[in-house]
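Participant: task: produce atomic coordinates for the following.
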Amino acid sequence: MSDPERILVVQPNWVGDAVMATPTLRAIRNRYPSAQISYLLRRYVKPMYHGLPWANKLISYRTGKTNKKAGKGQFIDLAARLRAREFDMAILLTNSFRSALVCKMAGIKRIVGYDRDGRGFLLSDKLVPFKDRGKYVPTPIVRYYLGIAQYLGANDRDITMQLAVSENDRRDGVDTLTRAGIAHLDRPAASGGPPLILLNPGAQYGASKLWPAESFAVLSDRLANEFGATIAISSAPKERGIVEAILKRTTRRVIDLQAHALTLGGLKEVVRRSDLMITNDTGPRHIAAAFQVPVITIFGPTHPEWTEIYFEKERKISVPVPCGPCQLKKCPLDHQCMTRVTPGMVFKASAELLARAVHAMP
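Facilitator: Have a look, this model is predicted:
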């Protein structure tokens, strides 16, 4: 079978998953160096791929609340757009039935992906995910995605995540920092200055992933008092509730980056310049790792194995509880998996990572 000339890669729907897909995207490009490769992705994920060298075209589509008839029309229109490009092969990084169906409707003859969500009959090449007694075995997503590239003949084993900052990303990030009154240094602690620490207290997954606002506030004040740290908060518009709850409880200045019009592309630049990120198990965690920024991740209801990223500068903090990891979006009990993680635990890990950053100075 000859190599395909036109390849469509259907990208993950979430920011964190999009970053974890980058080792696979690199492997696909290395496997097919001469192919015209396009990515199909949701519009809000698109900034994650700006500046990366592996795609010839980014094809985005809108999502959001709409009536059933309009949604069906958008789906048919998307299939027509893809059909016009005459792709030889589609590689599905998503697990959804709809992603396979739209590729089938687009007339793509070879469709490669995992046999999940009842879509096996739509796939030409079916990969079987690991199961035990009928349940999916927790498998790191970076390896799960890379398995598809390896099935296609890629030799890559490197699971290092990778992002880039475009000129627009850099400008957006610097403009946000300027409006916030933060110096534009790259990782100030490594230059002998007070560290820039980025808090990421939200989570699109659901409330069960949220470390309490009171804990973030206590930690923030202690980091400012003991390290002279500049503390900034990154968040999505839907996460205003927990951000405002933190701001009400802190006694030291905390910079609300969303209030200074931070974009997703700009967030990459801000993260790249930070000395440390402290976050729930959510997308920006992976952005930090992709830029080699030390990160502390607080785990509660989710199984860490699913999102294992093998990042040497990460510290995972969790406490064992009888009911977890439950994978539920909303805790039906007392949320002890998160409330039992203390600010002291996180501060200790922060001090260790900041000390390493200073000692790593040339």
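Participant: what's around Asn30, how many residues?
Facilitator: Around Asn30 there are 14 other residues, counting by other CB atoms under 10 Å. No exception for glycine: its C-beta is placed from N, CA and C like everyone else's.
Participant: okay, and the beta partners of Ile317?
Facilitator: Ile298 (DSSP bridges).
Participant: ok, it to Met338 distance?
Facilitator: 10 Å (CB to CB, to the nearest Å).
Participant: before we move on, what about Ile298?
Facilitator: From Ile298 across to Met338, the span is 7 Å (CB to CB).
Participant: Ile59 belongs to a helix, doesn't it?
Facilitator: No: counting by DSSP: H, G, I helix; E, B strand; the rest coil, one finds Ile59 to be strand, located in no helix.
Participant: kindly report the domain assignment for the chain.
Facilitator: 6-151, 167-359 (automatic domain parsing).
Participant: mutual contacts of Ile298 and Met338, please.
Facilitator: When contacts are counted by CB atoms under 8 Å, 6 or more residues apart in numbering, Ile298 and Met338 are jointly contacted by Trp211.
Participant: compare those two and say which is more crowded by neighbours.
Facilitator: Ile298 (27 against 24).
Participant: right, and that one touches Arg340 too?
Facilitator: No: Ile298 is beyond contact range of Arg340, at 11.0 Å (criterion: CB atoms under 8 Å).
Participant: distance from whichever strand or helix holds Val142 to the middle of the chain?
Facilitator: Using DSSP states H and E, Val142 maps to helix 141-151. With CA atoms, centre = their mean, to the nearest Å as the basis, helix 141-151 stands 17 Å off its chain's centre.
Participant: so for that helix, mean pLDDT?
Facilitator: For helix 141-151, the mean per-residue pLDDT is 97.
Participant: next secondary structure after it?
Facilitator: Counting by DSSP H and E, the element after helix 141-151 in chain order, helix or strand, is helix 167-180.
Participant: can you tell me what sits against that following helix?
Facilitator: With CB under 8 Å, 6+ apart as the criterion, helix 167-180 contacts 47, 50-51, 165, 183-184, 232, 255, 257, 260-263, 265-270, 272-273.
Participant: 7 Å instead?
Facilitator: Helix 167-180 has contacts (CB atoms under 7 Å, 6 or more residues apart in numbering) with 47, 50-51, 184, 232, 255, 257, 260-263, 265-266, 268-270.
Participant: buried ones in it?
Facilitator: Buried positions in helix 167-180, judged by neighbour count with 16 or more other CB atoms under 10 Å: Asp169, Arg170, Asp172, Gly173, Val174, Asp175, Thr176, Leu177, Ala180.
Participant: what mean pLDDT would you report for it?
Facilitator: 96.
Participant: mind saving the C-alpha coords of it as PDB?
Facilitator: Once non-C-alpha atoms are left out, helix 167-180 reads as follows in PDB (Å, rounded to 0.1, in the frame of the first residue of the first chain):
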ATOM      1  CA  GLU A 167       4.500  36.100  17.100                       C
ATOM      2  CA  ASN A 168       0.800  36.800  17.800                       C
ATOM      3  CA  ASP A 169       1.000  34.600  20.900                       C
ATOM      4  CA  ARG A 170       4.100  36.400  22.100                       C
ATOM      5  CA  ARG A 171       2.500  39.800  21.600                       C
ATOM      6  CA  ASP A 172      -0.800  38.800  23.300                       C
ATOM      7  CA  GLY A 173       1.100  37.500  26.300                       C
ATOM      8  CA  VAL A 174       3.400  40.500  26.600                       C
ATOM      9  CA  ASP A 175       0.500  42.900  26.200                       C
ATOM     10  CA  THR A 176      -1.400  41.100  29.000                       C
ATOM     11  CA  LEU A 177       1.600  41.200  31.300                       C
ATOM     12  CA  THR A 178       2.100  44.900  30.500                       C
ATOM     13  CA  ARG A 179      -1.500  45.700  31.300                       C
ATOM     14  CA  ALA A 180      -1.100  43.700  34.600                       C
END
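Participant: gap between that helix and the chain center?
Facilitator: The answer for helix 167-180 is 20 Å, by CA atoms, centre = their mean.
Participant: stretch 343-350 too?
Facilitator: With CA atoms, centre = their mean, you get 23 Å for stretch 343-350.
Participant: one step back: list just the nearest of the contacts of helix 167-180 to Leu198.
Facilitator: Nearest to Leu198 out of the contacts of helix 167-180 is Ala232 (CB to CB; 5.4 Å).
Participant: can I take it that that closest one is in a strand?
Facilitator: Yes: counting by three-state DSSP, Ala232 is located in a strand.
Participant: contact partners for the nearest residue to it once chain neighbours are set aside?
Facilitator: Using CB to CB, 6 or more residues apart in numbering and skipping residues adjacent in sequence, the residue nearest Ala232 is Ile255, 4.3 Å away. Residues in contact with Ile255 (CB under 7 Å, 6+ apart) are Ala180, Ile182, Ile231, Ala232, Ile233.
Participant: most residues in a single strand of this protein, which one?
Facilitator: In the chain, with assignment by DSSP state E, the single longest strand is strand 36-42.
Participant: which elements pack onto it?
Facilitator: For strand 36-42, the packing partners by 3 or more CB pairs under 7 Å, 6 or more residues apart in numbering; DSSP states H and E come out as strand 6-10, strand 57-61.
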